[in-house]
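Undergrad: Please work out how this folds:
(one chain, ligands or ions: 1)
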Amino acid sequence: MNNTRKRIFQKHYKSSKPKDDEEIARLKQKYENINEVIIKSFTDLPLSWKTQKGLKGSNYKIPTQIQKESIGYSLQGKDVMGAAITGSGKTLAFLIPVLECLFMEKWSRHSGVGAIIISPTRELAYQIFQTLKKIGIHHDISAGLIIGGKNLKFERSRMDQCNIIICTPGRILQHMDQNPLFNITSMKILVLDEADRCLDMGFKKTMNAILANLPLDRQTMLFSATQTKSVEDLARLSLKEPVYVAPHEHQLTVPVNLQQSYVVVNLEDKLTMIWSFIKNHLKQKVIVFLASCKQVKYFYEVFKKLRPGTSILALYGTLHQEKRVNIYDEFCRKSNVVLFATDIASRGLDFPNVNWVIQLDCPEDANQYIHRAGRTARHDAKGESLLILLPSEEFGMIKELEKKDIIIDRIHIDQSKMFSPKAKIDAFLAQDQQLKDTAKRAFISYIKSVFLMKNKNVFKTNEIDFEVFSKSLGLVSVPRIRIIDKLKHMNKNMENQSLKIENNVLIKQSNVWSESFDQSSNGESLKKNHLNNVDSPAMDFDLSSNSENEEDLIKIKRENHEIEHMENISEIQNNANSKHRIATKAATARRVLKKKIVVNKRVFFNEEGHVKTNQRELQSDIGKEYMYENSNDINIEMAKKVLQEEDKFDRKRHQELIKCRKHQVKSKRKGVDDNHFENDIDVDLSWLPDPDTIYDKPVNVSKQSLKNYNFNGDVQTHLPDSELFVENMKRKHSDSDISFNGVKQIKKIKPLTLDEAEHIAMKLFK
Ligand SMILES: Nc1ncnc2c1ncn2[C@@H]1O[C@H](COP(=O)(O)OP(=O)(O)OP(=O)(O)O)[C@@H](O)[C@H]1O
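TA: Okay, the predicted model is just below:
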């Protein structure tokens, strides 16, 4: 019955399939009369049957507002700039026109690249690809995901067969540069998802290079929840009379179903706060945003060890690509789970059914807040967002959000529901050096991220109590951050000076900074913890992560910064480089002598716990002379010579020792006692029982002749079972022909049982 129905349906379906040419002509006619007001469902849009079927199969029936308003313009071939709140369906708003455009152009697998869709992160590109696969399943068009993390050759061999390329900026540029067969001359559509991010300073050079390679005769679509309106950006993209579609402008910046709130906590209480939150929300799906990948790593490692009773995942840029995709999929699948993430997860990702978004570290700006919070309450779903602010961040950040019409309520933490995992974390770090290092890196990366943030009304490094913060992470002492020390020092000397620096110099500089931290924690300079009014210069750094360049590579969003408080950037670089000079022991010793520091004396103890005084004296004449020379200075050349001379003596002694050892082995083999070695092995064996006494007695030995021995070799009184024991032993050993060195051979002795062996041992040691 079912089969018949299916066949009938297929017959009907086949007969109703219009010829492509006819369909194209019919649809073209309708393009001019698209009226968004009368569009109630996707079927009201002039779309090919292949797309309609794909949409239906994916359960998309009613278009969202941005889809209704933008798809018409896109079908007409206009450049479109779409801006709509997070989770409002912007992906379909550009994927449908892309498919339709290629269909109308009668694009086939052999027609080459027809559309390029660029996304700032790999995860987002992967997600777009998945959606395209669903809705484009009935089209005879191929698509490729070009995001890196895979062999370039492998991608290259497939590039030419792709009609739609979904990519990240870095990877597509790599193909443009390195693949002579990559042909995009016939390309029709360019889409930038999260356009403002793709066009900001982080990707500026890459995007400029990509755009220079693309044909000018193309349609361009830009989509984002926080769309760029920069004239410069639009000029770079060579947009032609773009249509700006923003259905929620002046009404909404965040979804209506999003419930927002914020709390104010001290930096040192953040860990306790998030731990308590997780413990109170074990049955929820939560994303926790942090400022850097090193922090994410630390929180992930610690929380995994703490075992809160829910799954813990982490997503950050330095993870291997395959792992990233697996974590992404796992988080999508699970319902009770906490994901610690950097901002690679803040834009575009459509994780289903996220209950909470926690912004544990303050977002860079209001736009960042919008994107992060938008990971929940997507489409028609509800969700909650909690922003965690430091007392020093509250005023500035709330003002920033108000500028974007985002009004959020402050809530207070119920202290009775706070559980501190501090004691456990301290214990973990004490046992695990790796975790301790991760904590140090987390500490440093957080301080650096605050230091480099542009908005100094919000991010104030001088308000951070370094000692208290480091303790809260389980660290015993404060890790040293040299560059902050350096800048603090320079700040004092060079106030009111400014300097224009080039982008690339600063990028290099930031790399030096990221490497130049010293993990030793005994630096006096930071013992006081507070930076004395040191704030970073007004630089526009983007610490947000991205998969292309790895998130800890600090990127600048704006060119030609005015940097106050710095006299000469090259000087910083020189100084920073000089920090990398290897400190030799000699140099350290010289410094110690110069400063007249009394270093601790090293004391050696022997096994009995007595202080060893007889240190080996130098043997060579030159060595003795050097030792008794009463100088406070270190003469490296002289020390070298002494070592060379002493080396000769050492080698000689070593050879003698080897000779002696050989001699000892030989003697042992011969069974000859060697007095020399007896002296070496100074062990008193007098307490051992005389083997003759035990083994060489006749079977019916008298009770009186049997003796037991205590540990000191003293004869003890006879025990009633001793005779039995010896007899038994003799009987057992009667078959053996094992011979003891220097002891009479006992023939045919059977081996002892375990009990007997234990018994004899007990007797001997009593
Ligand atoms: N017409 C529709 N009907 C039902 N669901 C839809 C429709 N359009 C999109 N969705 C769903 O809404 C969710 C959000 O869509 P999408 O990821 O495209 O949002 P977005 O606007 O791109 O968000 P962001 O700004 O965060 O990137 C997805 O789960 C998607 O499947």
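Undergrad: neighbours around the residue of the stretch 351-500 of the chain at minimum distance from the ligand, how many?
TA: Here the residue of the stretch 351-500 of the chain nearest the ligand is His379; by CB to the nearest ligand atom that distance is 3.5 Å. Quick note: C-beta positions are derived from backbone N, CA and C, even for glycine. His379: 13 surrounding residues under other CB atoms under 10 Å.
Undergrad: Also Leu132?
TA: Around Leu132 there are 24 residues (other CB under 10 Å).
Undergrad: near the ligand, which residues of this structure?
TA: Residues of the chain found near the ligand (CB under 6 Å from any ligand atom) are 60, 62-64, 67, 84, 86-92, 225, 348, 350, 374, 378-379.
Undergrad: Please check the residues you listed and keep the buried ones.
TA: Buried residues within the residues of the chain next to the ligand, counting neighbours by 16 or more other CB atoms under 10 Å: 60, 63-64, 67, 84, 86-92, 225, 348, 350, 374, 378.
Undergrad: In helices only, show me the residues you listed.
TA: Counting by DSSP state H, these place Gln67, Lys90, Thr91, Leu92 in helices.
Undergrad: coming back round to it: who are the contact partners of the residue of the stretch 351-500 of the chain closest to the ligand?
TA: Contact partners of His379, counting by CB atoms under 8 Å, 6 or more residues apart in numbering, are Thr64, Gly87, Ser88, Gly89.
Undergrad: for the residues you listed, which one is nearest Leu306?
TA: Gly87 (31.8 Å; CB to CB).
Undergrad: Name the nearest residue to the closest one, sequence neighbours excluded.
TA: Using CB to CB, 6 or more residues apart in numbering and skipping residues adjacent in sequence, the residue nearest Gly87 is Arg378, 3.1 Å away.
Undergrad: And the pLDDT for that neighbour?
TA: Arg378 is assigned a pLDDT of 96 by the prediction.
Undergrad: Help me confirm that it comes into contact with Pro255.
TA: Yes - if you go by CB atoms under 8 Å, Arg378 and Pro255 touch, sitting 7.3 Å apart.
Undergrad: returning to what we had before: backbone dihedrals for the residue of the stretch 351-500 of the chain closest to the ligand, both of them.
TA: phi 50, psi -110 (degrees, to the nearest 10).
Undergrad: Surely Ile62 touches Ser41?
TA: Yes - if you go by CB under 8 Å, Ile62 and Ser41 touch, sitting 5.4 Å apart.
Undergrad: mind listing what's buried in the single longest helix found in the chain?
TA: Ordering each helix of the chain by length in residues (DSSP H) puts helix 636-670 first. The neighbour-count check on helix 636-670 (16+ other CB under 10 Å) flags Val642, Glu645, Glu646 as buried.
Undergrad: Which neighbouring elements make contact with it?
TA: helix 621-628, helix 675-680 (3 or more CB pairs under 8 Å, 6 or more residues apart in numbering; DSSP states H and E).
Undergrad: Contacts for the first one next, please.
TA: In other words, helix 621-628. Here helix 621-628 has contacts from Glu617, Leu618, Met638, Ala639, Lys641, Val642, Glu645, Glu646, using CB under 8 Å, 6+ apart.
Undergrad: got the CA coordinates for it in CSV?
TA: Taking C-alpha atoms only, helix 621-628 is exported to CSV below (Å, rounded to 0.1, in the frame of the first residue of the first chain):
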residue,chain,number,x,y,z
ASP,A,621,98.3,22.5,41.0
ILE,A,622,96.6,25.2,39.0
GLY,A,623,93.3,24.2,40.7
LYS,A,624,94.8,24.5,44.2
GLU,A,625,96.3,27.9,43.3
TYR,A,626,92.9,29.0,42.0
MET,A,627,91.1,27.8,45.1
TYR,A,628,93.3,29.7,47.5
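Undergrad: Give me the mean pLDDT for that helix.
TA: Helix 621-628 shows a mean pLDDT of 75.
Undergrad: how does the protein divide into domains?
TA: Structurally, the chain divides into domains by automatic domain parsing as follows: 13-245, 258-472, 484-579, 582-660, 671-765.
Undergrad: least reliable of these going by mean pLDDT?
TA: Out of the domains of the chain, domain 484-579 stands lowest, with a mean of 39 (criterion: mean pLDDT).
Undergrad: Just the CA trace of stretch 172-189, in PDB.
TA: Only the C-alpha atoms of stretch 172-189 are listed here, as PDB (Å, rounded to 0.1, in the frame of the first residue of the first chain):
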ATOM      1  CA  ILE A 172      40.900  31.200   0.000                       C
ATOM      2  CA  LEU A 173      43.700  33.700  -0.400                       C
ATOM      3  CA  GLN A 174      46.300  30.900   0.000                       C
ATOM      4  CA  HIS A 175      44.600  29.100  -2.900                       C
ATOM      5  CA  MET A 176      44.500  32.200  -5.000                       C
ATOM      6  CA  ASP A 177      48.200  32.700  -4.400                       C
ATOM      7  CA  GLN A 178      49.400  29.100  -4.700                       C
ATOM      8  CA  ASN A 179      47.000  27.400  -7.100                       C
ATOM      9  CA  PRO A 180      47.500  28.500 -10.700                       C
ATOM     10  CA  LEU A 181      44.500  26.400 -11.800                       C
ATOM     11  CA  PHE A 182      42.100  28.200  -9.400                       C
ATOM     12  CA  ASN A 183      40.000  30.100 -11.800                       C
ATOM     13  CA  ILE A 184      37.400  32.600 -10.600                       C
ATOM     14  CA  THR A 185      37.000  34.800 -13.600                       C
ATOM     15  CA  SER A 186      33.500  33.600 -14.200                       C
ATOM     16  CA  MET A 187      32.300  34.000 -10.600                       C
ATOM     17  CA  LYS A 188      28.900  35.700 -10.200                       C
ATOM     18  CA  ILE A 189      28.300  36.200  -6.400                       C
END
